[in-house]
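**Student:** Could you look at this predicted model? Sequence included:
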Amino acid sequence: MAKPKISEKRWSVDLEKRIQEEHYSDDSLYNNRYGFNPGSGKEVFVIDTPPPYPSGTWHIGAVAQYSMIDVIARSQRLLGKEVFFPWGVDRNGINIEFTVEKNTKRKMKSYDRAEFLQLCKDTIEEYTVAMRNTARRVGLSCDFAKEYLTDAPNYRSVTQAIFVDLFRRGEIVEDLRPNIYDPVEGTTIADAEVERLNRMTKLVDVKWYTESGAEVIISTTRPELICACGVVVVHPEDDRYRHLVGQKIVLPVEVENREATVEIRTHPSVKSEFGSGVLMVCSFGDQNDVAVFRELGLSPFQAIDLDGCMTSIAGPYSGLKVNDARAKVIADLEAMGAILQIVEKEQEVPVSERGKNPVEIILLKEWYVRQTHIQGRMREHIDDIEFHPPRNRQFLLDWMENISIDWPISRRRWYHTEIPIWYSEDNSRVIVPPPGTYVQPWKDVPPLGSRVLDRETRDDLGSWEDMQEDLGVIIGEEKVFDTWMDSSNSNLFVSGYINQMDTFEKAFPTGLRPQGKEIVRTWLYYTLLKSVLLFDKPGFKHVWIDGLGMDPWGRKMSKSLGNGIDADSVLECGAGGRTGSWRVKGPEKSVQLKANKIGSECFRLWKACDAQVGDDFHINPEEIEAKYFGVLTKIFNVARFASQFDAPNDLETLPSDLEVADRWVLSEFAGVLSAVKNAWESIDIFTAARAIKNFGTDVLPSHWLEMAKTRLYDGDLNAAWVIHRIVRDLLTIFSPICPFFCHHLSDTLYGTSAVDVDEYPISSIDDDSEAERLRSLTSTLCEFNSGTWRAKKEAGLSLKAEISGVKIPSEITEFEGALKAMHHLQ
RNA sequence: GGGCUCGUGGUCUAGCGGUUAUGACGUCGCCCUUACAAGGCGAAUAUCACCAGUUCAAAUCUGGUCGGGCCCA
């Protein structure tokens, strides 16, 4: 073999790391390659990447997903688009507050607010750095120079401007409504943040007496809420209690500032077979209570305050924490002989997703985004969005079916975007900041340019500077936004809304929203809601919804199952000769998984080839290596083989006197080029990856290369032209999946990098009926080759031995010369 | 408890009314063959989760069951 231009014997993780380091070290080169330049004149394609939340570890499934978003970004660049692939980090929210509380063993509300915010910021910064490193290690081509942080003023000011805009339009309202409230964390939460846990609770059968003295047993798990009881109900068909309906019944505990009796009424929601079949309805024990109160037109009692303590109506129990009050009520009732029995029972308790604290429903004045009136219009716009895969549109539509109340967006937390509003002394007017400014009303006065609005009508009454005198002592809002209020304008932010309106004109609706299916109901839904409320447009052209990364047996990875696999360990597997080893708990026993070399290129290739978008995928490092590292080696070897023959200077002009074998392989490749182009255009990574893999590891090396080998060794310039033209273009179309691999080979061989190509390669031959005819011979050719190899093996001949009596099928007699040379046919 | 979704050899995957059910990896056997044992040839491995139904014909359509997953209550 002549000396190949590619000196490395094989592809390795160390080589990969070296190329990556070069790639990321030169900022200006990097920026030229991947920076977003909206003035380039190319079609703008903005990707609304999911800003990851830095929490210490980045889930390997999410990293795999993110690498596929990178494949999309790179493939769109290759198609000639001006791609903005932003790098954002989501840093708002309760998670980091919890982390700080845990680290310092102090509750948030015991801190000075400003001091606590600084602690959060410092803590999250450490995690953010680790995340950036993983992002580079997996080869992301984000515009890191334009990194955005959702807790930075430029991001938060967009959220605030949108709030003011929607408030002026009447799409954001404030209202006193029953709210799901986490008394431990001291904040309102949304439906979406509630989950159910099974816990043991005491089901208490309490004796109540009607005014006429009849005993009625009522079962309850919440005896402390008897003070908030508004009505006692039975099922309308329940004959046992028919005679009691309409009577008054006495509350079995002492109360204050309210009547001590309630009426017995009927309601169809009562389950007669549960307990005694009599239900006390409190404001508000659960969602059903809320519904009953509304339906029966009762006015609610506030039994629990913002600190999770009983209010004054609880009489002797006022001031006690809910749990303490419950224990005391039970003890007192027992002492009075008012308890028939107590049963320990497993019950589903609604808890907050983050804090796992039992939630309460209490009346609070909160901010809401109106959403029920706009569902129909949203559906129309959603029809215009292309979903990948199409079936995942259903996740969104199903969620929308369930929407019945407005979206509560205010929270009583700190490390979030502040609600940008101040109230006049008489509460009739509000002050809002001008768009583009970030404000913190809990500590600042309104900035210059703020406007004064009527709180009810939202009429603009004048400027804050002019009206200051009339407003009295103003009060800044202390509440903050739900984090989804921030996240749901990520597409507007990255598309340039407010900050670069000229770019925004070209970039909205945003080109692509890639995300996991688990946050369809939140991130995707709320984003689309805002697009419709603000612009009456669909938010995106494409939505790409991927499945989740599972353990090797298809189960969710979790700390408690002990089946997690760390992303960095897979990406670093093989570096410096170190192998990877993972101890993973399987369904029956622990399993030791081992791999020698993986790295980012192999990892990306695996995800691209192995998992259809939208399906959950199993992550097993052993398989990733076994199935895909060989593919890299094969293509590497093809390129290395080609590199021993000089590349012609002109790879554009097709030589006129090509042999039929050359025209055949160019025809095959023309088919690959167009199939892959179609796939990249329709954001179909899987099809593109498979087509490239099949051609690059099978058709090209095993069949054409063997036919052309003799000619290549003999210095045939046509064959050299064909192999180099194909290798160059193959590396180009493969570069979105394995960018560093393709960069290295193309740069070494041709002095230009595959990752810099911004024009999709065109076929060197006309893809016409002649090409189609040649392609139709492919399977006959491949079968003939396999058959000949088999015949030699069966005859005990070496492959280079001469063989006679092999008959070339009549369809491919035009390949006779090439086949004779390849197989040494006589 | 409800909704949605997925269920094809050990693993991944094609197919989407008529195929001897595709391909890849892995496994096993044989072969060092001048880019490549990271290769070549061959073999075994699938009642297409299960049960009913529609049809001349079902992996494919319908209903149900079970299992994984997501979401909700």
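**Tutor:** That came through fine.

**Student:** Secondary structure element holding the residue in chain A that RNA strand B sits nearest to?
**Tutor:** Residue of chain A nearest RNA strand B, by C-beta to the nearest atom of the strand: A:Thr633 (2.4 Å). Any C-beta I mention is one placed from the backbone N, CA and C, and that applies to glycine too. Assigning secondary structure by DSSP states H and E places A:Thr633 in helix A:621-642.

**Student:** And that helix, what's buried?
**Tutor:** A:621-622, A:624-625, A:628-629, A:631-642 (16 or more other C-beta atoms under 10 Å).

**Student:** After that helix, which helix or strand is next? Please name it.
**Tutor:** Stepping forward along the backbone from helix A:621-642, the first helix or strand reached (DSSP H and E) is helix A:660-681.

**Student:** do that following helix and RNA strand B meet at all?
**Tutor:** No - using C-beta under 7 Å from any atom of the strand, helix A:660-681 stays clear of RNA strand B, with a minimum separation of 12.6 Å.

**Student:** before we move on, the earlier item: and the average pLDDT for the helix holding A:Thr633 is what?
**Tutor:** For helix A:621-642, mean pLDDT rounds to 91.

**Student:** same for it, what does it pack against?
**Tutor:** Applying 3 or more C-beta pairs under 8 Å, 6 or more residues apart in numbering; DSSP states H and E, we find helix A:621-642 packed against strand A:590-595, helix A:599-610, helix A:717-734, helix A:739-750.

**Student:** Could you single out the most deeply buried of those?
**Tutor:** Per-stretch averages of neighbours, counted by mean count of other C-beta atoms under 10 Å, single out helix A:599-610 among the helices and strands packed on helix A:621-642, with a mean of 26.

**Student:** circling back to that earlier point, what angle sits between the helix holding A:Thr633 and strand A:590-595?
**Tutor:** What separates the directions of helix A:621-642 and strand A:590-595 is an angle of 10 degrees, with axes from the mean of the first three to the mean of the last three C-alpha atoms, to 10 degrees.

**Student:** report the angle between the axes of helix A:621-642 and helix A:739-750?
**Tutor:** Between helix A:621-642 and helix A:739-750, the angle comes out at 10 degrees (the same axes, to 10 degrees).

**Student:** how far out from the middle of the chain is helix A:621-642?
**Tutor:** Using C-alpha atoms, centre = their mean, to the nearest Å, we find the averaged C-alpha position of helix A:621-642 to lie 30 Å away from the chain's own average C-alpha position.

**Student:** before we move on, what about stretch A:154-164?
**Tutor:** Its chain's C-alpha centre lies 22 Å from the corresponding centre of stretch A:154-164 when counted by C-alpha atoms, centre = their mean.

**Student:** Tell me which residues of it come out buried.
**Tutor:** Neighbour-count burial for stretch A:154-164 flags A:155-164 (criterion: 16+ other C-beta under 10 Å).

**Student:** Tell me which of these fall in strands.
**Tutor:** Using DSSP state E, no member of those falls in strands.

**Student:** Sort out for me which of those are in helices.
**Tutor:** In helices, judged by DSSP state H, the following of the buried residues of stretch A:154-164 are found: A:155-164.

**Student:** From the residues you listed, pick out the ones that also neighbour RNA strand B.
**Tutor:** Checking those against RNA strand B by C-beta under 7 Å from any atom of the strand, not one of them is in range.

**Student:** okay, now the nearest residue to A:Leu654 once chain neighbours are set aside: neighbour count?
**Tutor:** Here the nearest residue to A:Leu654 in space, its sequence neighbours aside, is A:Ser764; by C-beta to C-beta, 6 or more residues apart in numbering that works out to 5.0 Å. Residue crowding around A:Ser764 was assessed by other C-beta atoms under 10 Å; the count is 21.

**Student:** do A:Asp459 as well
**Tutor:** A:Asp459: 12 surrounding residues under other C-beta under 10 Å.

**Student:** That one contacts A:Leu453, doesn't it?
**Tutor:** Yes - in this structure, A:Asp459 is within contact of A:Leu453 by C-beta atoms under 8 Å, at 6.6 Å.

**Student:** Tell me which other helices or strands the longest strand belonging to chain A touches.
**Tutor:** For chain A, the strand that runs over the most residues, judged by DSSP E, is strand A:194-210. With contacts taken as 3+ C-beta pairs under 8 Å, 6+ apart, strand A:194-210 sits against strand A:215-220, strand A:248-250, helix A:322-335, strand A:339-352.

**Student:** Name the strands paired with the shortest one and say parallel or antiparallel.
**Tutor:** What that stands for is strand A:248-250. Taking DSSP bridges as the criterion, strand A:248-250 sits next to strand A:194-210 (antiparallel), strand A:261-266 (antiparallel) in its sheet.

**Student:** Just put those in TSV and tack on mean pLDDT.
**Tutor:** Listed next are the strands paired with strand A:248-250 as TSV, based on pLDDT from 0 to 100:
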stretch	mean pLDDT
strand A:194-210	79
strand A:261-266	87
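
**Student:** do you know how far the closest residue to A:Ile733 other than its chain neighbours is from A:Val722?
**Tutor:** Spatially, and ignoring its direct neighbours in sequence, A:Ile733 is nearest to A:Val676 (5.0 Å; C-beta to C-beta, 6+ apart). Applying C-beta to C-beta, to the nearest Å, the value for A:Val676 to A:Val722 is 19 Å.

**Student:** Ok, A:Glu681 next?
**Tutor:** The span separating A:Glu681 from A:Val722 equals 27 Å under the rule C-beta to C-beta.

**Student:** Likewise for A:Pro4?
**Tutor:** Counting by C-beta to C-beta, the gap between A:Pro4 and A:Val722 amounts to 18 Å.

**Student:** what's the answer for A:Met336, then?
**Tutor:** In this view, A:Met336 and A:Val722 are 97 Å apart by C-beta to C-beta.

**Student:** repeat for A:Ala64
**Tutor:** A:Ala64 sits 36 Å away from A:Val722, taking C-beta to C-beta as the criterion.

**Student:** Repeat that for A:Ile264.
**Tutor:** Going from A:Ile264 to A:Val722 by C-beta to C-beta gives 91 Å.

**Student:** and what of A:Leu632?
**Tutor:** Distance of A:Leu632 to A:Val722, given as C-beta to C-beta: 23 Å.

**Student:** again, but for A:Ser312
**Tutor:** Distance, A:Ser312 to A:Val722, by C-beta to C-beta: 90 Å.

**Student:** And A:Ser7, by the same measure?
**Tutor:** Distance, A:Ser7 to A:Val722, by C-beta to C-beta: 24 Å.

**Student:** Show the contacting residues for A:Thr266.
**Tutor:** A:233-236, A:245 (C-beta atoms under 8 Å, 6 or more residues apart in numbering).

**Student:** Give me the pLDDT for A:Asp27.
**Tutor:** A:Asp27 is assigned 93 on the pLDDT scale.
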